[in-house]
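Student: how would this look folded up:
(2 chains)
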Number of protein chains: 2
Amino acid sequence: MKLLKDKIIQDGKVLSKDVLKVDTFLNHQIDPPLMKAIGEEFAERFKDAGITKIVTIESSGIAPAMMAGLVLGVPAIFARKRKSLTLIDHLYTASVHSFTKDETNEISVSKDFVTCDDTVLIIDDFLANGQAVLGLLDIIEQASAKLAGVGIVIEKGFQPGGKMIRKQGIRVESLAIIASLEDGKVTFSEGAAVR
Amino acid sequence: MKLLKDKIIQDGKVLSKDVLKVDTFLNHQIDPPLMKAIGEEFAERFKDAGITKIVTIESSGIAPAMMAGLVLGVPAIFARKRKSLTLIDHLYTASVHSFTKDETNEISVSKDFVTCDDTVLIIDDFLANGQAVLGLLDIIEQASAKLAGVGIVIEKGFQPGGKMIRKQGIRVESLAIIASLEDGKVTFSEGAAVR
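Tutor: From the prediction side, this is the model:
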């Protein structure tokens, strides 16, 4: 997605060969027109998949997930990392390990919102080691829902998550795939998966 | 806001005289067209306030804040409850006490995104004891930014936050003000502040 890649080049900061900071438009400050364009792009790519629900994980997945939901005409659900006061039981839960933070969180989704009648699109801001997506896949399986695929804003193609998930036969659509952050420079992957 | 109040009556669940559960459309599952309408309503109410930035707090404030930002043509920033790996220093921080969870979180906003040149609209999903808004006000003051006001999706009018903040001369626009949750029933406040 050219608009997104231009934004990454323009505003992203390469902090190390593994870490890209995009807090000016994605995961701290949000650029609403860009999120709208991202939502439209996800909706276009999955328009024939019969999606009934979008599932993401708080917090940075919420903006792209809601925008995709707006275009597709379906609700967006965000898995919670901490249990809320009004969301105590009747939950699907899964463990998500963060390699970068070296901690494991339990994520949860109410059983009311994902059921065996649903066809789910998972959306997240980043795909690196794939642990967050694995947790969401676990929840969707517990709910016996159908999976349409996974929509990712920025995939770090040099980390193993994308390959691991595609190997399971799951459709992964990443709007920008980064091949490398070496030498302080963002290099995108070329090929059919990227437009 | 009639659409919102109808939705609260239709889908909200009164769990006790203090707790209203709205996780079908606001803080777990999100109803995108309703969020769009909420964003448009905030934008309409604050259209002449010269707003340059919207500031909210993760996670449930993100959807309404982004939608307001989309209509007003300004970025939306969400204060983080936990520090991210790529957001370590160069931060404004404030403490937010949650009475319901009986815990205090430190929230943070990058100094890059709120400056003395900004006119800020604070948006949040709920206003009850007002602690989250106080934390955001603290950050806006640290940044020497101008405050346009506070936009709240659902205010619990029977709790002290709204009165406390209005007493400081701050404009608070709540789209639905709940007078009482007694007897398992939602009663809205009437008056000029509610449409």
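Student: biggest helix in chain A, by residue count?
Tutor: In chain A, with assignment by DSSP state H, the single longest helix is helix A:32-45.
Student: And the contacts of it?
Tutor: The contact list for helix A:32-45, computed with CB atoms under 8 Å, 6 or more residues apart in numbering or on different chains, reads A:1, A:3-4, A:7, A:25, A:63-64, A:66-72, A:121, A:123, A:151, A:153, A:173, A:175, B:66-67, B:69-70, B:74-76. Where C-beta positions appear, they are placed from N, C-alpha and C, glycine not excepted.
Student: Show me those that map onto helices.
Tutor: A:3-4, A:7, A:63-64, A:66-72, B:66-67, B:69-70.
Student: Please tell me how far the residue nearest the centre of chain A sits from chain B.
Tutor: Residue closest to the average C-alpha location in chain A (CA atoms, centre = their mean): A:Asp124, at 1.2 Å. To chain B, A:Asp124 is 14 Å away according to CB to the nearest CB, to the nearest Å.
Student: Model confidence at that residue, what's the number?
Tutor: A:Asp124 carries a pLDDT value of 98.
Student: so it makes contact with A:Thr56?
Tutor: Yes - if you go by CB atoms under 8 Å, A:Asp124 and A:Thr56 touch, sitting 5.9 Å apart.
Student: Quick check: neighbours shared by those two?
Tutor: With CB under 8 Å, 6+ apart, A:Asp124 and A:Thr56 have common neighbours A:Leu136.
Student: Chain A against chain B: which residues are in contact?
Tutor: Within chain A, the residues that sit near chain B (CB under 8 Å from any CB of the partner chain) are A:15, A:19, A:21, A:23-25, A:27-33, A:35-36, A:58-59, A:62-63, A:65-67, A:69-70, A:74-78, A:80, A:84-87, A:100-101, A:109-110, A:112-113.
Student: now, which of these lie within strands?
Tutor: A:Lys21, A:Gln29, A:Ile30, A:Ala76, A:Ile77, A:Phe78, A:Val109, A:Ser110 (DSSP state E).
Student: so A:Ala94 bridges to which residues?
Tutor: A:Ile107 (DSSP bridges).
Student: who's in contact with it?
Tutor: So A:Ala94 contacts A:Glu106, A:Ile107, A:Ser108, A:Leu134, A:Gly135, A:Leu136, A:Asp138, A:Ile139, A:Gln142 (CB under 8 Å, 6+ apart).
Student: Just name the closest of the residues you listed to chain B, please.
Tutor: Distance to chain B across the contacts of A:Ala94 (CB to the nearest CB) is lowest for A:Ser108, with 9.2 Å.
Student: Just the CA atoms of the lengthiest strand in chain A, as PDB, please.
Tutor: The residue-count maximum for a strand in chain A (DSSP E) belongs to strand A:146-156. Extracted in PDB, the C-alpha atoms of strand A:146-156 (Å, rounded to 0.1, in the frame of the first residue of the first chain):
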ATOM      1  CA  LYS A 146     -14.400 -19.600  10.800                       C
ATOM      2  CA  LEU A 147     -11.200 -17.600  10.000                       C
ATOM      3  CA  ALA A 148     -11.100 -15.500   6.800                       C
ATOM      4  CA  GLY A 149      -7.500 -14.400   7.300                       C
ATOM      5  CA  VAL A 150      -5.200 -12.000   9.000                       C
ATOM      6  CA  GLY A 151      -4.700  -8.300   8.000                       C
ATOM      7  CA  ILE A 152      -1.500  -6.600   9.200                       C
ATOM      8  CA  VAL A 153      -0.600  -3.000   8.900                       C
ATOM      9  CA  ILE A 154       3.200  -3.500   9.100                       C
ATOM     10  CA  GLU A 155       4.900  -6.900   8.900                       C
ATOM     11  CA  LYS A 156       8.500  -7.300   9.800                       C
END
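Student: Among the ones in helices among the contacts of helix A:32-45, give me the pair with the biggest separation.
Tutor: A:Lys7 and A:Leu72 (22.8 Å; CB to CB).
Student: more crowded one of these two?
Tutor: More neighbours surround A:Leu72 than the other of A:Lys7 and A:Leu72, with 23 against 20 (other CB atoms under 10 Å in any protein chain shown).
Student: Give me the nearest residue to that one, chain neighbours excluded.
Tutor: Using CB to CB, 6 or more residues apart in numbering or on different chains and skipping residues adjacent in sequence, the residue nearest A:Leu72 is A:Ala43, 4.8 Å away.
Student: what sits against A:Ile8?
Tutor: Residues in contact with A:Ile8 (CB under 8 Å, 6+ apart) are A:Leu20, A:Val22, A:Ile154, A:Ala176, A:Ile178, A:Val186.
Student: ugh, wrong one, I meant A:Ser98
Tutor: Going by CB under 8 Å, 6+ apart, A:Ser98 touches A:Thr104, A:Asn105, A:Gln131.
Student: so what's it bridging to?
Tutor: Per DSSP bridges, the residues bridged to A:Ser98 are A:Glu103.
Student: Show me the shaky parts of chain A.
Tutor: A:83-88, A:191-195 (pLDDT under 70).
Student: how about a cut-off of 50?
Tutor: Low-confidence segments of chain A, defined by pLDDT under 50: A:192-195.
Student: wait, isn't A:Ala179 in contact with A:Ser189?
Tutor: Yes - assessed by CB under 8 Å, A:Ala179 is found in contact with A:Ser189 at 4.4 Å.
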